[in-house]
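Peer 1: sequence first, predicted coordinates after that:
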Amino acid sequence: MTTASDIDRTPAVTSLRHKDLLGIADLSSEEITLVLDTAEAMKEVGTRPIKKVPALRGKTVVNLFFEPSTRTRTSFEIAEKRLSADTLNIATSTSSVVKGETLADTALNLEAMSPDMIVLRHSSSGACHFLSRICRSAIINAGDGMHEHPTQALLDAFTIRERKKQLAGLKVAIIGDLLHSRVLRSNIQLLTKMGAHVWVCGPPTLIPTDIRRFGVQSTSRVDEAIVDADVIMLLRIQLERMEGAYFPSLREYFRVFGMTEDRLRLARPDVMIMHPGPMNRGVEIASEVADGPYSVILDQVANGVAVRMAVLYLLAGGTDEEAA
Amino acid sequence: MPVVMDADRISRTLARIAHEIVERNKGVDDLALVGVRTRGVPLARRLARSLKEITGHDVPTGALDITLYRDDLMRHAVGPQPTVRRTEIQFSIDNRKILLVDDVLYTGRTTRAALDALIDYGRPKGIQLIVLVDRGHRELPIKADYVGKNLPTSPEESVQVRLLEIDGQDEVVLEGGAA
């Protein structure tokens, strides 16, 4: 049981500095802690008989998705509804984008109808930064190209913190397609800011040459990455973003890098297995690991709603500077 | 800065309220205490201890955060959002009499938010309001069932309740104003 004094500790910061959430790059470790603490309160809302609070009543949130997404879009929509916001979903296949409208025109037309927030998923890196410059609404990045996916990294951190109590000092191994992964870029920034030791691992052709600049260790030897790991995060092999041949075959990838029960013995006995989804079973992860006792993959999905509620709630307010 | 209640006074007042609860409800069956964050929570826990001493029965105790129900939440065009804390009510409130505990009753807006929040957890048999200090100036038709101390104040003054569990000492202080 938590004592009154630790529940009521004053947070180091009480608001986010920016009107948008474009990437983990813009967040300080104190802001990350604020989002995670707020998400703990939001998680409780999802356990009530009536899973809805009136906090964002009268706010309009547009979910603008230019790439296919089930998990992230559904998660944002549930989060918005639990906070009583009015939501609308625009997917590319049903929008004027198929008629040739540009991103800027789509956004400005939506803005003319005064939404308060726009949640954007786009295949181009930097699309959210572009919108934040031309829109008054708060922009939340739900994944932009190969750049960032900040709410995924926040929900991963929340899931790790829930089990391990803190992020500092943990060994986290991230294995898979490092080159095309926005989840990786957001996660390594968040984890290193919070003091975790991050190892990244993948075929040499899929390791960005400047990856060490982020303060992580990189290797192509999977055993080296996972030995004594507290957390193993597997990334999807993104066949849709691969134009060339990065490795001989999916079967060979599984043999060299796939996470199997055998391989798992090198990690710590209380290791957590994570995957942002969607999984390629038998490519980056064996089914018995995905469904096994170390897997927290479905916890990640459940926590996604709480973390997105926290982000929506915090961005719906202003900043300390505006108030002054 | 006048101290209007010291540690002894607070402790005697809570003991008196605990006896009133038992008398009015003819025991503690079906009762549960819910403290409004922040300082209602330690007050609710202290009342639970007193009720246990008087009757020998445990009264379930929870903590309620009303931030997401505040009526001024989205009215500030700018300014940061208030910090949200966790609500912890680990029992069903259906068909129980809920004793809602807060430190200071002022405009009544916090109590209004607390009533809305509670109703989202179920349908209690009844809700009774306990406050350590009633300082007047109500803006809503809300009245406490148990009052520790009625304290006439002016709107310019502020009433600070400090509790051992949070602030390191027990006292109620009246601050500011013309005096």
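Peer 2: Nice, thanks for sending it over.
Peer 1: quick check: next helix or strand after the helix or strand of chain A at the bottom of the mean pLDDT ranking?
Peer 2: Averaged element by element with mean pLDDT, DSSP states H and E, chain A has its least confident helix or strand at helix A:4-7 (a mean of 42). The helix or strand immediately downstream of helix A:4-7 is helix A:29-45, counting by DSSP states H and E.
Peer 1: list of residues touching that next one?
Peer 2: Contacts of helix A:29-45 with the rest of the structure, by CB atoms under 8 Å, 6 or more residues apart in numbering or on different chains, involve A:11-17, A:24, A:27, A:51-53, A:82, A:154, A:157-158, A:161, A:190, A:193-194, A:303, A:305-307, A:309-311, A:313-314, B:65, B:67-68, B:83-88. Glycine gets a C-beta too; all of them are placed from N, C-alpha and C.
Peer 1: just stretch B:139-147 next, same as before
Peer 2: Applying CB under 8 Å, 6+ apart, the external contacts of stretch B:139-147 come out as B:17, B:20-21, B:24, B:105, B:107-109, B:111-112, B:128-131, B:133-134.
Peer 1: filter the residues you listed down to the ones in strands?
Peer 2: Secondary structure defined by DSSP state E assigns B:105, B:128-131, B:133-134 of the contacts of stretch B:139-147 to strands.
Peer 1: export these to TSV and tack on pLDDT?
Peer 2: Below are the ones in strands among the contacts of stretch B:139-147 laid out as TSV (pLDDT from 0 to 100):
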residue	pLDDT
B:L105	97
B:Q128	98
B:L129	98
B:I130	98
B:V131	98
B:V133	98
B:D134	98
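Peer 1: from the residues you listed, which two are the most distant?
Peer 2: Across the ones in strands among the contacts of stretch B:139-147, the two members that end up farthest from each other (CB to CB) are B:Q128 and B:V133, 16.9 Å apart.
Peer 1: what about the stretch 51-200 of chain A, any weak spots by pLDDT?
Peer 2: A:94-95, A:98 (pLDDT under 70).
Peer 1: quick one: name the residues of it near chain B.
Peer 2: Remark: the part of the stretch 51-200 of chain A in contact with chain B comprises A:52-59, A:83, using CB under 8 Å from any CB of the partner chain.
Peer 1: A:L234: neighbour count?
Peer 2: Residues near A:L234, counting by other CB atoms under 10 Å in any protein chain shown, number 25.
Peer 1: I misspoke; the intended subject was B:D58.
Peer 2: Here the count is done by other CB under 10 Å, and B:D58 has 11 residues near it.
Peer 1: does chain B sit close to the strand or helix carrying A:A310?
Peer 2: Per DSSP H and E, A:A310 falls inside helix A:297-316. Yes - residues of helix A:297-316 contacting chain B under CB under 8 Å from any CB: A:310, A:313-314, A:316.
Peer 1: any idea how far A:F214 lies from A:R265?
Peer 2: With the distance defined as CB to CB, to the nearest Å, A:F214 ends up 29 Å from A:R265.
Peer 1: more crowded one of those two?
Peer 2: Between A:F214 and A:R265, counted using other CB under 10 Å, A:F214 has the larger neighbour count: 16 against 10.
Peer 1: next, the distance between the ends of stretch A:215-223.
Peer 2: The straight-line separation of the ends of stretch A:215-223 (CA to CA, to the nearest Å) is 20 Å.
Peer 1: how about the helices in chain A?
Peer 2: Secondary structure of chain A (DSSP state H): helices at A:4-7, A:29-45, A:71-82, A:103-111, A:127-134, A:150-164, A:182-193, A:222-226, A:250-257, A:261-264, A:287-290, A:297-316, A:320-323.
Peer 1: ok, now chain B?
Peer 2: Taking DSSP H as the criterion, chain B contains helices spanning B:7-25, B:40-55, B:109-119, B:164-167.
Peer 1: now the ones you listed as TSV including mean pLDDT, distance to chain A and mean neighbour count?
Peer 2: Shown next, in TSV, are those (pLDDT from 0 to 100; distance: least, CB to the nearest CB, whole Å; neighbours: other CB atoms under 10 Å in any protein chain shown):
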stretch	mean pLDDT	distance to chain A	mean neighbour count
helix B:7-25	98	16	16
helix B:40-55	98	5	20
helix B:109-119	96	8	20
helix B:164-167	96	5	16
